[in-house]
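Enquirer: Sequence first, predicted model second:
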Amino acid sequence: MSFQTDTIHAGVPSSGHAYGAVMTPIFQTSTFVFEDIGKTKGYDYTRSGNPTRAALEECLRVLEGGSSAVAVTTGMAAIATVLHLFKAGDEIICTDDCYGGTARLFKTLEAQFGLAVRFVNLQQPETLSAALTPHTKAVWIETPSNPLLNLIDIEAVCTLAASHGLISIVDNTFLSPYNQRPFELGADIIVHSTTKYLNGHSDVVGGAIVSNRADLDERLKFLTNSLGTCAQPFDCWLVLRGIKTLAVRMREHEKNAQAVAEFLASHPLVKKVFYPGLASHPQHDLAKRQQRGFGGMVSFELSGDAEDINTFLRSTRLFALAESLGGVESLAEHPASMSHASMDAAHRLSVGITDQVIRLSVGIEDGGDLLADLESAFEQVDARKRTEHKARRPVAASTL
Ligand code: P1T
């Protein structure tokens with residue numbers, strides 16, 4: 001089946017659901033009646049398994065092309081669960097420019113539980129070799145990165161990692177399996193914040209772990225059950241529902257994002273645009289090679305001071321000032337004080353997340369309306385700059 005067909009049918013039993021229901025029912029139950037001592041109808045307790053969750057897990061497994069999947073409560077729960085595969089003294093090499101919450105969790109586990117993390121720029125795959133120690137067990141890849149849209153050559157890094165016996169883990173949140181299929185490039189585990197494009201409607205927080213290694217499948221299921229990070233039935237149902245329009249949404253996100261990126265690139269108040277779909281993006285060729293599309297996230301550096309940034313963010317009407325991404329509605333945020341506030345300032349600056357960076361999650365509203373919204377916010381910034389310039393002009397010396 002094609003990917004688009006799978007978004008609608010994967011996880012739905014070919015015989016249909018109970019009573020012929022076309023859509024997956026929500027089994028909103030904590031527990032299941034046993035048929036007899038030691039005999040269930042397939043489920044015993046929702047932490048260990050639930051039919052609505054199983055439907056989502058099967059759907060995600062198919063979409064990523066893996067061997068198993070578990071649906072968990074949030075993207076961070078997915079990351080935390082995967083990190084329980086490792087023990088004190090193990091070392092993980094993590095891409096240095098990643099989601100702020102990911103960096104915070106790694107550092108917390110390092111400080112409290114002795115799991116070592118090395119943040120490395122993986123844009124040049126060779127840097128992985130230089131960072132390896134006898135204790136290195138895994139490499140953590142986030143591509144495109146949040147919020148700077150830097151890319152990592154998944155195939156090159158995973159090949160190198162495999163040659164050293166490391167587990168390769170890819171956070172595929174920014175592109176979704178519609179645009180990027182890391183297992184085809186050698187990854188062992190994929191994590192998702194399903195909060196984002198997979199659900200797509202900003203009405204649920206969720207996460208997922210998909211594995212492509214038989215030896216990890218059972219371990220990840222065991223950890224999800226033991227830690228209790230499993231997703232709730234209603235949330236699973238919402239994500240399943242969202243996934244049915246994933247392909248259609250992703251095409252609209254990309255169309256609008258490309259237009260926004262081109263508009264920003266030509267705007268005099270914009271210093272730099274970060275979008276892999278622009279020919280000027282330093283890894284545009286890699287994006288074309290390893291991604292089906294460029295996605296819906298665009299970041300840029302506004303030329304101006306903190307008050308200019310604030311003016312811009314206060315002035316948009318369609319781009320709501322909010323964290324998160326991947327919903328049908330457009331959002332704007334300031335990584336340094338919002339999504340990446342949990343990354344320390346030195347780390348942020350070392351990877352290029354300056355205080356001037358603004359991140360846009362470009363929604364699927366009418367593209368013309370989105371550009372007009374951005375243009376009017378820039379006009380506000382421009383007006384402010386002109387007023388300030390006037391106020392600062394030296395007062396002419398008195399002729400008295
Ligand atoms: O928010 P949660 O569902 O727990 O997902 C965490 C997460 C994991 N990986 C990536 C790449 C992410 O971007 C996120 C969450 N990011 C935001 C909330 C944000 O505004 O960037």
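Expert: Happy to help now that I have it.
Enquirer: what's the closest non-adjacent residue to the residue in the stretch 1-150 of the chain that the ligand sits nearest to?
Expert: Going by CB to the nearest ligand atom, the ligand is nearest to Gly75 of the stretch 1-150 of the chain, at 2.3 Å. No exception for glycine: its C-beta is placed from N, CA and C like everyone else's. Nearest residue to Gly75 in three dimensions, chain neighbours excluded: Ser193, at 2.6 Å (CB to CB, 6 or more residues apart in numbering).
Enquirer: and the closest residue to Ala138 other than its chain neighbours, how many residues sit next to it?
Expert: Nearest residue to Ala138, sequence neighbours excluded (CB to CB, 6+ apart): Ile167, at 4.3 Å. Residue crowding around Ile167 was assessed by other CB atoms under 10 Å; the count is 22.
Enquirer: I figured Ile167 hits Ile190, correct?
Expert: No - taking contacts as CB atoms under 8 Å, Ile167 lies outside contact range of Ile190: 11.8 Å.
Enquirer: what's the pLDDT at the residue nearest to Ala138?
Expert: At Ile167, the pLDDT value in this model is 98.
Enquirer: Might one say that the residue of the stretch 1-150 of the chain closest to the ligand is in contact with Ile190?
Expert: No - contact criterion CB under 8 Å: Gly75 and Ile190 do not qualify, at 11.7 Å.
Enquirer: Could you give the number of residues near the residue of the stretch 1-150 of the chain closest to the ligand?
Expert: Gly75: 23 neighbours (other CB under 10 Å).
Enquirer: ok, now Thr74?
Expert: Neighbours of Thr74 under the rule other CB under 10 Å: 19.
Enquirer: List the contacts of it.
Expert: If you count contacts by CB atoms under 8 Å, 6 or more residues apart in numbering, Thr74 has them with Ser193, Thr195, Val205, Gly206, Gly207.
Enquirer: Recalculate using a threshold of 10 Å.
Expert: Each residue near Thr74 by CB atoms under 10 Å, 6 or more residues apart in numbering is listed here: Ala80, Gly101, Ser193, Thr194, Thr195, Val204, Val205, Gly206, Gly207, Thr229, Ala231, Asp235.
Enquirer: now do Arg249
Expert: Counting by CB under 10 Å, 6+ apart, Arg249 touches 7, 176, 178, 197, 200-201, 242-243, 296, 326-328, 363-364.
Enquirer: Could you identify the most distant pair in the residues you listed?
Expert: Farthest apart among these by CB to CB are Thr7 and Gly363. That separation is 19.0 Å.
Enquirer: Can you pull the phi/psi pair for Ser202?
Expert: With angles defined as degrees, to the nearest 10, Ser202 sits at phi 50, psi 40.
Enquirer: From Ser330, how far off is it?
Expert: Ser202 sits 11 Å away from Ser330, going by CB to CB, to the nearest Å.
Enquirer: so what's in contact with the two at the same time?
Expert: In contact with both Ser202 and Ser330: Ala320, Ala322, Ser361, Gly363, using CB under 10 Å, 6+ apart.
Enquirer: excluding its backbone neighbours, what's nearest the first one?
Expert: Nearest residue to Ala320, sequence neighbours excluded (CB to CB, 6+ apart): Leu331, at 5.4 Å.
Enquirer: Next: the third one.
Expert: Ranked by CB to CB, 6+ apart and with sequence neighbours excluded, the top spatial neighbour of Ser361 is Leu325, at 3.6 Å.
Enquirer: Pull the contacting residues for that neighbour.
Expert: 146-147, 173-174, 193, 195-197, 202, 253, 295-297, 331, 333, 339, 359-363.
Enquirer: who touches the residue positioned nearest the centre of the chain in this structure?
Expert: In the chain, the residue lying closest to the centroid (CA atoms, centre = their mean) is Thr173, at 2.8 Å. Neighbouring residues of Thr173 by CB under 10 Å, 6+ apart: 75, 78, 99, 102, 142, 144, 146, 190-198, 207-208, 297, 325-326.
Enquirer: among the contacts of Leu325, which are within reach of the ligand?
Expert: Asn146, Thr173, Phe174, Ser193, Thr195, Ser339 (CB under 6 Å from any ligand atom).
Enquirer: Scan those residues and report the most crowded one.
Expert: When neighbours are counted by other CB under 10 Å, Ser193 leads those with 29 neighbours.
Enquirer: For beta bridges, what are the partners of it?
Expert: For Ser193, the beta-bridge partners under DSSP bridges are Gly207.
Enquirer: residues near Val70, how many?
Expert: Neighbours of Val70 under the rule other CB under 10 Å: 27.
Enquirer: Name the SS class of it, please.
Expert: Of the three states, Val70 takes strand according to DSSP: H, G, I helix; E, B strand; the rest coil.
Enquirer: burial measure for the residue lying closest to it once chain neighbours are set aside, as a count.
Expert: Nearest-residue entry for Val70: Thr224, 4.5 Å, with adjacent residues in sequence omitted and distances by CB to CB, 6+ apart. Neighbour count of Thr224, defined by other CB under 10 Å: 25.
Enquirer: so Thr224 sits right up against Ala78, yeah?
Expert: Yes - using CB atoms under 10 Å, Thr224 is in contact with Ala78, at 9.2 Å.
Enquirer: Give me the nearest residue to Pro335, chain neighbours excluded.
Expert: Closest to Pro335 by CB to CB, 6+ apart is Pro147, at 4.5 Å.
Enquirer: buried sites along stretch 107-123?
Expert: Neighbour-count burial for stretch 107-123 flags Lys107, Leu109, Glu110, Leu115, Ala116, Val117, Arg118, Phe119, Val120, Leu122, Gln123 (criterion: 16 or more other CB atoms under 10 Å).
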